[in-house]
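# Need the 3D shape of this:
(4 chains, ligands or ions: 6)
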Amino acid sequence: MNRPDANDADVIVVGAGPAGSCAAIAAARAGRRVILIERGPFPGSKNMYGGVVYPRILDELVPRWWETAPVQRWVVRRSTMILSETGALSVDYRSNAWGQPPYNGATAYRPDFDEWLSRQAVAAGAQLVTSTTVTGLLRDASGRVVGVRTDRPDGDLTASVVIACDGVNSFLAKEAGLYSATDPSNFTLGVKETLALPKHVIDERFGVRDDQGVDIEILGGTSGVNGGGFVYTNLDTIALGVVLKLPKLAAQKKRPEEIIATLKAHPAIAPLIEGAEVKEYSAHVIPEAGYSMMPTMVTDGMVVAGDAAALCLAAGIWLEGVNFAMASGMCAGEAAAAAVARNDVSAKGLAPYTDKLNATFVLRDHKKLRKVPGLVLSDRVQQRYPAFVTSVVERVFRVDNPQPKPGLRRIVRQERKRAGIKLSELIRDGWTGLRGFG
Amino acid sequence: MAYKYLWTPLQLGPVATRNRIVFSAHLTNFAREGLPTEQHAAYYAARAAGGAGLIITEEHSTHPTDWPYEKLIHGFHRDVIPGYKRITDAVHRHRVPIFAQINHNGGQASSMFSRLPVWAPSPVADPLFREVPKAVTHAEIDEIVAGYATVAEHCAEGGFDGIELQCSHSSIVRGFLSPATNKRTDEYGGSLANRARLLLEIVAAVRGVIGNRLALGVRLCGDELIENGSTIEEAVEVSRLVEASGHVDYINTSIGVATASLFMIEASMHIPPGYALFIPSAIRKAVDLPVVGVGRFKDPLQAERALAEGHCDLVGVVRGQIADPDFAAKARAGATDEIRLCLSCNQECVGRMGLNRWLGCIENPRTGREHEWAVTDHVALTAKPKDVMVVGAGPAGLQAAIAAARRGHRVTVYEKENVAGGQVRWAASVPNRAEFGDMIRNQLNECRRLGVAIEFGTGVWPGLVEEKRPDHVIVATGAEPQRPWWVSDPDADESARRVVDVRAILDGSAPLGGPQSGDSVVVVDEIGFHHATSVAELLADRGCAVEIATPGMVVGQDLGITLDMENWWIRASAKGIVQSTDLVPMGFANGELTLLHHPTGANQTRRPDWVVLAVPPSPVEWLYNDLKSLGVSVERVGDCVAPRRAHAAVVDGERAGSSI
Amino acid sequence: MTVVACLKWVIPRVDDDDRFAGISAADQSALEFALLSARPGEDVVAVSAGPLGAERALRDAVACGLSRAIRIDLDPRASSSAVASSIASAVAGARLVWCGDYSLDRGTGSMPGFLAARLGIGQALGLIDVTIGDDSMSVVRRLDGARREIMRVTGPAVLSVEGSTARLRRASLRGVLAADNAIIDVIAGMSSPIDAVDEKPYRPRARALAAPSGTSALDRVRSLTDAGTATQRSETVVLDPPEAAARIVGALRDWGYLG
Amino acid sequence: MSALVAVVPVRAGVVPAGGLEAIAEAGGRAILIGSGASTATTDLGAARDVTVVDINVSDPQAWGRAAADVLSRLGLADSVVVPASPDGRDLAPHLALALGVELFSGATEVTPTRVRVARRGGLAIAEHRPAGRFVATLQPGVRGVDPASMAPTVNNVDIGAPESSTAVMSQEVLPPDVSTMDLAEAPRIVGGGAGLTDAERFAQLAEFAKSIDASMGVTRVITDRGWAPHQRQIGTTGIVVDPKLYLAFGVSGAVQHTSGLGQPDHIISVNTDAHCPMMQMADLAIVSDANAVLDELAALLSKDSAS
Ligand SMILES: Cc1cc2nc3c(=O)[nH]c(=O)nc-3n(C[C@H](O)[C@H](O)[C@H](O)COP(=O)(O)OP(=O)(O)OC[C@H]3O[C@@H](n4cnc5c(N)ncnc54)[C@H](O)[C@@H]3O)c2cc1C
Ligand SMILES: Cc1cc2nc3c(=O)[nH]c(=O)nc-3n(C[C@H](O)[C@H](O)[C@H](O)COP(=O)(O)OP(=O)(O)OC[C@H]3O[C@@H](n4cnc5c(N)ncnc54)[C@H](O)[C@@H]3O)c2cc1C
Ligand SMILES: Cc1cc2nc3c(=O)[nH]c(=O)nc-3n(C[C@H](O)[C@H](O)[C@H](O)COP(=O)(O)OP(=O)(O)OC[C@H]3O[C@@H](n4cnc5c(N)ncnc54)[C@H](O)[C@@H]3O)c2cc1C
Ligand SMILES: Cc1cc2nc3c(=O)[nH]c(=O)nc-3n(C[C@H](O)[C@H](O)[C@H](O)COP(=O)(O)O)c2cc1C
Ligand code: SF4
Ligand code: SF4
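Numbers count the residues shown, from 1 in each chain, chains lettered A, B, ... in the order given. Ligands and ions are numbered 1, 2, ... in the order given. Have a look, this model is predicted:
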């Protein structure tokens, strides 16, 4: 057993994303010596995401966080939009209460948000090292993780616990053997454009004012490639993106740029972004398959949190990850600090981390929605339901007098046949959906 | 190369442009009964959506005495305002500013439509309209000034962000500025200050009504290119006066006058890019106002260079955006390769203006038809994708393939040669006409983007169709040269082997390598377009003594329409090409060509070393006929229906491809 | 004796977001040469004239193994002669002063020349290659027309290097951790009257462009279009390779490119 | 009222980049100072009134001081424009210090009362209105020069040999190396495109280029294949060049390529397709296999140099 005080730090956190910074805050608050290592020139510099965070978890870590967090807009409208070739069906919920403390969700730029969060970690006493990439794990004879190797000369650092928060495709978790073989179908590609419009135009088009914002998730509209889309409002930009299933994308030989262009031209989307100028285009891989692909979270001397632990929910109707990352990071930081204090950093000593996860929304949400990613991304939902749902609604709402309207049930039956959906499938999917979403 | 200036914003008085690309003013013939139409709105909106930084509409007439062509917008009627609103609303939706160009054409007009005498500074007849105008009195000058103010008011009410005064190529203001047309002895004639008086009065009056809410620009001509006309030195002086007025926010530039030197305004591919850049450059040295440079800008890098070298602050890209409304957006996104490059052929944009038809583009069937496409655009994908076979990779076949693939069909093009292009390849292979070949490059790019497969070196015959079993076949096999009746049979008369088609010269298949230096050649022009003239140039360059004989009144009649005629004359005379007209070929035998001079009925003869034929070709229709009789679902497009020109090929192809 | 590296910390953005600030590749090369050229026992000092944010760059430099870092507190708008005077008084007596040829904002490149003038020592600027010997250095300087000048540096001098000449060593992890707590000396810069200037968006100046020549309209048209007046352009010939090669060499001779 | 005078450092009789522009900016008044200055008085563009100081100096300190000395001997109290060439940039601070006046570096425009300087990497212009005398360096290429109208008056001034520093000593000036020079500067370029069939061809092309004192450029297809580095690519997404001579081997002349090509006086194109734009642009368009022609050229030129 190595002597803790001979180590460079008690806890090394790899990656100053939302997970890493929260882990560092939690561990530093508990009085541990923490080094937070980030490969970018500053935290968040290279990180991308859709644009909405649900940071309520910060209530515990950064009291009154909303007063200092670099937020673009507070989300007061959330809606889910189902798109067929030309039609659209939206379910829209609005609450002005979300626009007041303690707030619900917010849109924010990652370089701003991540950097702010890392400053909270530094304020709590963690030491932040940037422009430094972790290239491997140090282990002792027993195979226990005792530190990290970085790309700098003289770059080994030892610690009692390493918290891997290095994001999706975590190479540390893989090196520690925590992942089973990865299957490309568990990943999706996120592609996003940042579109600039003056603030008042955004306010008008989305029916908001001041610092109110909107979060729209989209099912369909991805040119037949399975996936979903999103539209979020920032102060004077709109984030618009698609999330695409990797194997499908490859099989259909479509370029992500084309898919995003088609979505932008959709009659339901085009008016929202008309006249906007593309400021940025970026792409990033997301772990998509939810609970079913999570790695083992804990090993001797190391825990995994955030995207590195596949704690991301990105299933078309939700795109959440930052909140899970922050929560899991916090749990990891606390558990690591406690384990160091107890002088037992074995997998068993770190096990309270998993318990904590289970007790919070993090794993509960993931379990509940276990099958949802599969459902939302299935061919059925992706390629037939949108057309089906929108044409049912279209026919119900259509006013074509003087013919008597067929009953809703007949419309559903006719449309279901036209879309080629079996009744049994419809029922099964409905059930899975209800269980997940309800 | 990174763009440093093209995408930077610029302030023109109260108006900000988001980049430096201007869709400068040009006639469209979209107006009906003097009013703007839905066609205008959709046309301008498409360029706004495509990323233009600023749009300037075609001219609006400021006075009833000004009606030189039928489809002019009568800005002086209040009735135009709803139409203005429609245009400005459509453009503003894309957050692009739009200015109105207002104008009185002065003496460069006729009384044909208005039945009123045309007004000008002095009774000097315009060389094109050949009508003596009425010299305006001071009261009439006041009426002109008031007319500008009224129209400016209409424009402001109609939602325009600015006004541009066209004082450049066809305008009463130009008439006053130019010593060639202003012979007055009162305070409006003589010194430059006097000649510019009307301009400054109009500027002040217009600023008076629009206040500071709208931008005001003046478009000036940098060299009229007519004898005794104004040149760059005077243009620079006028810009100084304009700037000193304190009322003007920018200066636009132009070259030539619309009636005598129009071919220099809308320069065809024979005139080098950047030819008019010396004008904004000289003006910009003299004034601090932003200056627009215009004239054959077709590539974003070329535009960037003009900005970087300080020749102008904004770049007018007119035909570049007629051909591709998304010019700016594609360039901005770094997809330069996807821009449908304008050919500077003038065939369907400028060319149709003179014919009193609405503006179009040879390679873009949607140009001028935006109002029809807007409705159907998004729903274009087909529910039942078909396998489509296209035969022939000329413009007709490629366009059919593009249109079908855009609808979601699976398309394969078969071309018997190893390259695409059909006759366009030959049309582009002559001096100074390479840009015509860009049409095929553009089409091939689009094919690649849409996933169209092209099988080169595969001639189609009915057996291949049976083997491939496509759901639908589009035949675009083009046209082939034909021997006219008046040439003797080369098997019987050896001299007739020296009678060859233009294509044989271009593809090198003429016997003995074709005409060589020192040979005498008669080119027979029965088509009246570039075929004869360009081959004549090629042969003259090669050292041949060339004569063109045509039954028409002039050689290459339709070059007038594309504004290539004047240049052709200059080059032809420099190259010593003889042009003989009103001659109908009556026979060729034993080395002798007989030509009938039809106004007199006299026969003439020639004994040239070679006769080169630019005569109507015949359609290649056997494949279509065979497939039709086999009951295959087949259609034909382009020259194989009836030999015409490239635009007809593109339009045919688009129609056939999009209706599957 | 000391060896000095002068680093200019710049925020290369219009919105003044200092997260994107840093020093240029040329300054990084200068720092590397300062470290390489110091003799045993000599101090290596980095100097940056600028606001508080510049200390970040200095800390990064310290992490690479400096002896000392100095920040001269100076308004970033100060003229380059004021900057040079301030730096000159801070580094007087240095054996070598290394500068980057250009800062991140591509500045004006005049600071090194000024510094040499103020310090009264030699200068070798715009270097693209540096070879450090035992008691002298051989350096290569870029001249115009793609010429190069080779120079020998024996005495005290100011040297400025281009960004491609060296790659700054990567600071060790321990260095980085320690630099967090390093002490940066701050000295007050020379107060210079900040010269009041108007700043406007860049508007390139028009380069000379000849107007068409000729007094008759036709002559001007000809000169603008080349129509019929150009020498015969575009001669197309089909040749087999040996003929083609001979033809090319012949043309180059005719046009005066080959002797 | 004071005017402007240009101080142009001359090396081995060569007027530096931007020298003629500085003279034009100063309204034609110039002092040429440096080695071989007296041989550099032809083709001075807008020059009207030229003073020549032929001295052997390459140490900028001494050079700058010598220039100040000449100004005072001539009794000139004008502000000074110096080309921002490497030598000009070097001596200007010394000249300013010797004259005791302010220096404005990298100006885009200079008049006796106004100096415009590029700032923020060329995004902004700062406009200075100096109260008194000053020295300014003028960025080469910002203004261009009109063709010469008449020969200038020239007078010589002798100031003896200046004293040079020994801390830094010039050893040698190397002539341009066509194989390494910036493509943008190259007066002759040999370009290769997809018509050349393999990577070795580009070594051969570079060799041929060198033999005619040209630099090698390529199309994007070639850089995409990794056969040549990006700084050799001509065009929209590569380098913008402006050579006098361009030889194209197997280049089709796509607009993205030719947009970056400037306006060469002479173009030769070798291509199997007689109709591609590059052939249309060429003065001499040769229909032939570029690979084989290259082999022949190599043989021909080595024979040439052998004989
Ligand atoms: C297109 C897209 C849209 C999304 N939209 C949303 C959304 O709207 N709302 C939401 O809540 N979530 C969204 N997500 C998910 C969210 O981005 C992630 O779940 C979240 O960022 C995970 O945080 P993290 O800290 O685990 O990892 P990351 O944010 O990926 O941070 C990992 C950090 O580790 C650093 N790092 C990695 N490797 C190393 C190494 N070897 N050495 C040193 N440092 C290293 C990285 O530089 C990075 O800073 C979206 C994701 C995508 C791709
Ligand atoms: C010298 C010349 C100059 C011209 N100048 C102009 C001009 O300036 N402006 C203008 O508008 N028009 C011009 N034209 C006319 C214009 O080029 C044609 O109208 C146009 O190309 C017709 O297009 P197309 O696609 O119908 O046929 P084509 O261009 O003839 O193409 C037909 C294609 O089908 C292929 N093909 C034929 N049979 C088969 C088969 N069985 N299987 C497979 N492939 C087959 C041919 O190889 C060819 O590629 C010119 C023509 C010539 C010859
Ligand atoms: C956004 C964008 C930016 C771009 N930027 C640039 C840029 O900066 N620079 C650039 O160059 N390109 C650029 N391109 C690519 C450009 O569009 C062209 O694809 C490229 O210039 C073509 O290069 P090429 O002439 O070598 O190849 P090709 O177009 O393939 O031409 C090859 C030529 O060689 C000829 N040939 C074939 N065999 C032989 C032989 N044996 N002997 C002689 N000739 C032969 C052919 O006839 C043909 O003319 C860009 C493209 C895009 C999309
Ligand atoms: C069809 C057509 C009509 C034009 N009519 C006008 C006009 O009414 N007023 C005007 O100021 N310029 C007119 N122009 C000139 C254009 O503004 C522009 O100067 C010219 O087309 C050159 O630019 P380009 O090479 O980008 O096309 C016209 C141009 C075209 C092509
Ligand atoms: S018709 Fe020809 S000149 Fe006119 S826009 Fe189209 S391509 Fe350009
Ligand atoms: S030939 Fe002449 S007169 Fe006849 S329609 Fe054409 S332009 Fe008019």
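
# Spell out the residue ranges of the helices in the stretch 51-200 of chain B.
B:80-92, B:138-157, B:172-177, B:192-195, B:197-210 (DSSP state H, counting those that start in this stretch).

# now the angle from the second one to helix B:197-210?
It stands for helix B:138-157. Angle, helix B:138-157 to helix B:197-210, by axes from the mean of the first three to the mean of the last three Cα atoms, to 10 degrees: 40 degrees.

# Against which helices or strands is helix B:138-157 packed?
Secondary-structure packing of helix B:138-157 (3 or more Cβ pairs under 8 Å, 6 or more residues apart in numbering or on different chains; DSSP states H and E): strand B:54-61, helix B:80-92, strand B:98-103, strand B:162-167, helix B:197-210. Using the backbone N, CA and C atoms, a C-beta is placed for each residue, glycine as well.

# Contact partners for the nearest residue to B:E58 once chain neighbours are set aside?
Counting by Cβ to Cβ, 6 or more residues apart in numbering or on different chains, B:E58 lies nearest to B:L27, which is 5.1 Å off, once chain neighbours are set aside. Neighbouring residues of B:L27 by Cβ atoms under 8 Å, 6 or more residues apart in numbering or on different chains: B:58-59, B:69, B:71, B:353, B:359.

# Between which two of these is the distance greatest?
B:E59 and B:L359 (13.8 Å; Cβ to Cβ).

# Between the two, point out the one with more neighbours.
B:E59 (25 against 21; other Cβ atoms under 10 Å in any protein chain shown).

# what is the more buried one paired to in the beta sheet?
B:Q101 (DSSP bridges).

# Mind pulling the model confidence for it?
For B:E59, the model assigns a pLDDT of 97.

# Wait, it touches B:C167, no?
No - if you go by Cβ atoms under 8 Å, B:E59 and B:C167 don't touch, sitting 11.2 Å apart.

# okay, now C:G53: neighbour count?
By other Cβ under 10 Å, 16 other residues sit near C:G53.

# Please settle this for me: is A:R56 part of a strand?
No - going by DSSP: H, G, I helix; E, B strand; the rest coil, the assignment for A:R56 is helix, not a strand.

# hang on, it packs against A:N323?
Yes - counting by Cβ under 8 Å, A:R56 touches A:N323, with 7.4 Å between them.

# So those two - more neighbours on which side?
A:N323 (23 against 17).

# Sticking with that one, tell me its helix or strand.
Assigned by DSSP states H and E, A:N323 belongs to helix A:322-342.

# Check A:V148 too.
strand A:145-150.

# Contacts only, for B:G421.
Contacts of B:G421 (Cβ under 8 Å, 6+ apart): B:393-395, B:428, B:437, B:440.

# where's it relative to ligand 3, distance?
13 Å (Cβ to the nearest ligand atom, to the nearest Å).

# And what about that residue, helix, strand or coil?
Quick answer, by three-state DSSP: B:G421 is coil.

# do the same with A:E193
A:E193 ends up strand, using three-state DSSP.

# Who does it form a beta bridge with?
Going by DSSP bridges, A:E193 forms beta bridges with A:L240, A:Y281.

# so how far is chain B from it?
11 Å (Cβ to the nearest Cβ, to the nearest Å).

# So that residue sits against A:Y232, correct?
No - look at A:E193 against A:Y232 with Cβ under 8 Å: they stay out of range, at 11.5 Å.

# The two: which is more packed in?
Neighbour count, other Cβ under 10 Å: between A:E193 and A:Y232, A:Y232 has more, with 28 against 22.

# so how far is the helix holding A:N323 from its chain's centroid?
Centroid displacement of helix A:322-342 relative to its chain, using Cα atoms, centre = their mean, to the nearest Å, is 19 Å.

# Equivalent analysis for stretch D:207-219, please.
18 Å.

# From chain D, how far off is the residue lying closest to A:V53 once chain neighbours are set aside?
Using Cβ to Cβ, 6+ apart and skipping residues adjacent in sequence, the residue nearest A:V53 is A:V322, 4.5 Å away. Going from A:V322 to chain D by Cβ to the nearest Cβ gives 35 Å.

# quick revisit: nearest to C:P51, of the helices and strands packed on helix B:138-157?
The nearest among those, by Cβ to Cβ, is strand B:54-61 at 39.5 Å.

# For the residue nearest to A:V53, give its distance to A:V75.
Counting by Cβ to Cβ, to the nearest Å, the separation of A:V322 from A:V75 is 13 Å.

# higher neighbour count, these two?
The residue with more neighbours, out of A:V322 and A:V75, is A:V322; 28 against 25, by other Cβ under 10 Å.

# OK, contacts around the more buried one?
Counted by Cβ under 8 Å, 6+ apart, A:V322 has contacts A:18, A:49, A:53-55, A:113.

# Just the closest of these to A:V129, please.
Using Cβ to Cβ, the contacts of A:V322 come closest to A:V129 at A:P18, 18.0 Å.

# Got the domain ranges for chain A?
Using automatic domain parsing, the domain parsing of chain A gives A:4-54+A:109-181+A:292-370, A:185-287, A:373-437.

# Need the winner for burial among these.
domain A:4-54+A:109-181+A:292-370 (a mean of 23; mean count of other Cβ atoms under 10 Å in any protein chain shown).

# quick one: the helices in the stretch 1-150 of chain A?
A:18-29, A:58-61, A:110-123.

# Check these for me: which has the lowest mean pLDDT.
Looking at the helices of the stretch 1-150 of chain A, the weakest mean confidence is helix A:58-61, a mean of 86.

# quick one: is the helix holding A:N323 near ligand 1?
Yes - applying Cβ under 6 Å from any ligand atom, one finds helix A:322-342 touching ligand 1 at A:322-323, A:325.

# ok, back up a step: from the contacts of A:V322, which is closest to chain C?
A:F113 (12.7 Å; Cβ to the nearest Cβ).

# Get me the contact residues on chain B for ligand 5.
Residues of chain B lying near ligand 5 (Cβ under 6 Å from any ligand atom): B:319, B:322-323, B:342-349, B:361-363.
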